[in-house]
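Asker: Please work out how this folds:
(4 chains, ligands or ions: 2)
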Number of protein chains: 2
Amino acid sequence: MVLSKACTYGVLASLYVAKQSENKSYVSIRDMSDELNISFHFLTKILQKLTAEGILQSHKGPKGGVLLARPAQSITILDVVLAIDGEKVFTECVLGLPGCGAQRPCPLHNHWVTVREDLKEMFTAKTLAATSDDIRELGLRLSLD
Amino acid sequence: MVLSKACTYGVLASLYVAKQSENKSYVSIRDMSDELNISFHFLTKILQKLTAEGILQSHKGPKGGVLLARPAQSITILDVVLAIDGEKVFTECVLGLPGCGAQRPCPLHNHWVTVREDLKEMFTAKTLAATSDDIRELGLRLSLD
DNA sequence: GTAATAAAAGACTCTTTTATCTTAAATTAA
DNA sequence: TTAATTTAAGATAAAAGAGTCTTTTATTAC
Ligand code: SF4
Ligand code: SF4
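Answerer: Numbering: from 1, shown residues only, chains lettered A, B, ... in the order given. Ligands and ions are numbered 1, 2, ... in the order given. Take a look at the predicted model:
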C-alpha cells in the first residue's frame, strides 16, 4: 500500500468535507464517519492532525465539526497526503535502502524516480474542489464498502 | 512503502544469489545474511517462500544453501515481487477502496493505473541477470547500511 | 554409522499500525 | 446556569508486520 490507511481515510474525509462545503455549516465528524464507514474515533484523530496542519479548522460543541481552513481550490490531495504520511512517500527508495541516493544509482533508480514523480504529480494535479466536483458529477460514493 | 520489507529483502537476496551464480555451488544463507545485513532467520523465511514459489532451489546440510531454480536471464524482479507480495501491489486502489474498479472510475483512477503499470513495467524490464551485472559493473553494494 | 552442518518449520517476541474506549474541555441552547 | 452536544486528548486493545529463538530434518564428510 502506497499510502497508510490513516492517509487514505484523510483524503476521503477531505473530499467529503469539500463536497459539503457549500453549506457554510461545520461538517459533523460523526455524520462523516457514518457516511464513509470509518471508525469515528480513528477518523477524529486523523482530522485532528489535518486541523493541526492547517488544512481543516474545527469547532466544538453543538453544531460543531470541521471545515476546510482554506478554499477547496487551493488545497491539493498532495497537501493532505503530506500532512498525514509526510514527504517519505515521495523520497523513499523502492528497495528500502536507507541513505541510498542518486549518486551511483542502481539500475532501478531512474525508472523509480519517474514513477515516484508521476505519483506526486497525480496528487498535485487534483485539488479538493475539482476532485469533489468530479465525484459529485459522476455520482460516486466515497464509502469503504 | 510500496513493497513490504520481506519483499525488498527478497529482491536484494535474489540479486545476491544471481551475482554469485557463476560459482555453481550453493549460496549459504548465513553468508548472505551477513553480507546484506539482514536478520538470518527472517531472511531464511523469505527464501523458503521463494523456494516454494519455484524461484530458488535449496539444499540442506554441509555445502547447502540456495541457488536460482532457473537461469538468471529468465527471472525478472517482478517474479520475485509477485512471489512475496503477490498481485495486490499492482491491483490495489490508491485510496484503498475495496472492490472499486474501472467502471465509473474516480478522478484519480486513470492516472493511478498508469503509475501502477509503469511500476510493474519497471520490475518486468529487469532480469536478475541484467540487474546483477549492472550492479557488479557499478560496484554497488546491496547491503542495508 | 556418527558428528557436524545447514535449511525447514514453527513458536515466540517486539514494534508499528489500526482501532476502540474513556475522560476532559469547549460550545450551544434552553 | 444547566444540560446536551461535539471535538480534543489520552489510555488501552487488537491486528499486522518484522524480527528472534528453538527444534527438527536432511545431507555431507569423516
Ligand atoms: S539507487 Fe537504487 S537502491 Fe539506491 S535509492 Fe535509487 S532505487 Fe534505491
Ligand atoms: S476509481 Fe478511484 S477509488 Fe476506484 S479503484 Fe480507481 S482509483 Fe481507486
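Asker: Distance check, the closest residue to residue A:50 other than its chain neighbours against chain B.
Answerer: Distances taken as CB to CB, 6 or more residues apart in numbering or on different chains place residue A:56 nearest to residue A:50, at 4.6 Å, with adjacent residues excluded. To be clear about C-beta, it is placed using only N, CA and C from the backbone, and glycine gets the same treatment. According to CB to the nearest CB, to the nearest Å, residue A:56 and chain B sit 18 Å apart.
Asker: Ok, residue A:67 next?
Answerer: On the measure of CB to the nearest CB, residue A:67 and chain B end up 22 Å apart.
Asker: So the helix or strand where that residue lies, near DNA strand D or not?
Answerer: Using DSSP states H and E, residue A:67 sits in strand A:65-68. Yes: judged by CB under 7 Å from any atom of the strand, strand A:65-68 comes into contact with DNA strand D through A:65, A:66.
Asker: How far off centre is the helix or strand just after that strand?
Answerer: With elements assigned by DSSP H and E, the helix or strand that comes after strand A:65-68 is helix A:77-85. Put simply, helix A:77-85 sits 5 Å off its chain's centre (CA atoms, centre = their mean, to the nearest Å).
Asker: shouldn't the residue nearest to residue A:50 be in contact with residue A:17?
Answerer: Yes: Residue A:56 is in contact with residue A:17 according to CB atoms under 8 Å; the separation is 6.9 Å.
Asker: Quickly list what's touching both of the two.
Answerer: Listed contacts common to residue A:56 and residue A:17 are A:66, A:67, A:68; contacts here mean CB atoms under 8 Å, 6 or more residues apart in numbering or on different chains.
Asker: want to throw these into JSON lines with neighbour count, distance to ligand 1 and pLDDT?
Answerer: Shown next, in JSON lines, are the shared contacts of residue A:56 and residue A:17 (neighbours: other CB atoms under 10 Å in any protein chain shown; distance: CB to the nearest ligand atom, whole Å; pLDDT from 0 to 100):
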{"residue": "A:66", "neighbour count": "25", "distance to ligand 1": "38", "pLDDT": "98"}
{"residue": "A:67", "neighbour count": "18", "distance to ligand 1": "40", "pLDDT": "98"}
{"residue": "A:68", "neighbour count": "20", "distance to ligand 1": "36", "pLDDT": "98"}
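Asker: any idea where the strands of chain A begin and end?
Answerer: A:56-59, A:65-68 (DSSP state E).
Asker: Which one, of those strands, ends up nearest to residue A:86?
Answerer: strand A:56-59 (17.4 Å; CB to CB).
Asker: quick one: the residue of chain A positioned farthest from its centre from DNA strand D, how far?
Answerer: Relative to the mean C-alpha coordinate of chain A, counting by CA atoms, centre = their mean, the farthest residue is residue A:104 (33.8 Å). Computed with CB to the nearest atom of the strand, to the nearest Å, the distance linking residue A:104 and DNA strand D is 24 Å.
Asker: can you check residue A:22 too?
Answerer: 18 Å.
Asker: again, but for residue A:124
Answerer: Distance of residue A:124 to DNA strand D, given as CB to the nearest atom of the strand: 27 Å.
Asker: Residue A:80 is in contact with that residue, correct?
Answerer: No: assessed by CB under 8 Å, residue A:124 is found out of contact with residue A:80, at 11.5 Å.
Asker: give me the number of residues near residue A:46?
Answerer: 26 (other CB atoms under 10 Å in any protein chain shown).
Asker: and it, what is it in contact with?
Answerer: Taking CB under 8 Å, 6+ apart as the test, what residue A:46 contacts is A:6, A:9, A:10, A:13, A:84.
Asker: Show me which residues of chain A are close to chain B?
Answerer: Residues of chain A lying near chain B by CB under 8 Å from any CB of the partner chain: A:1-3, A:5, A:8, A:11-12, A:77, A:92, A:94-98, A:104, A:106-108, A:111-112, A:114-115, A:118-119, A:122, A:125-126, A:130-131, A:134-135, A:138-140, A:142, A:144-145.
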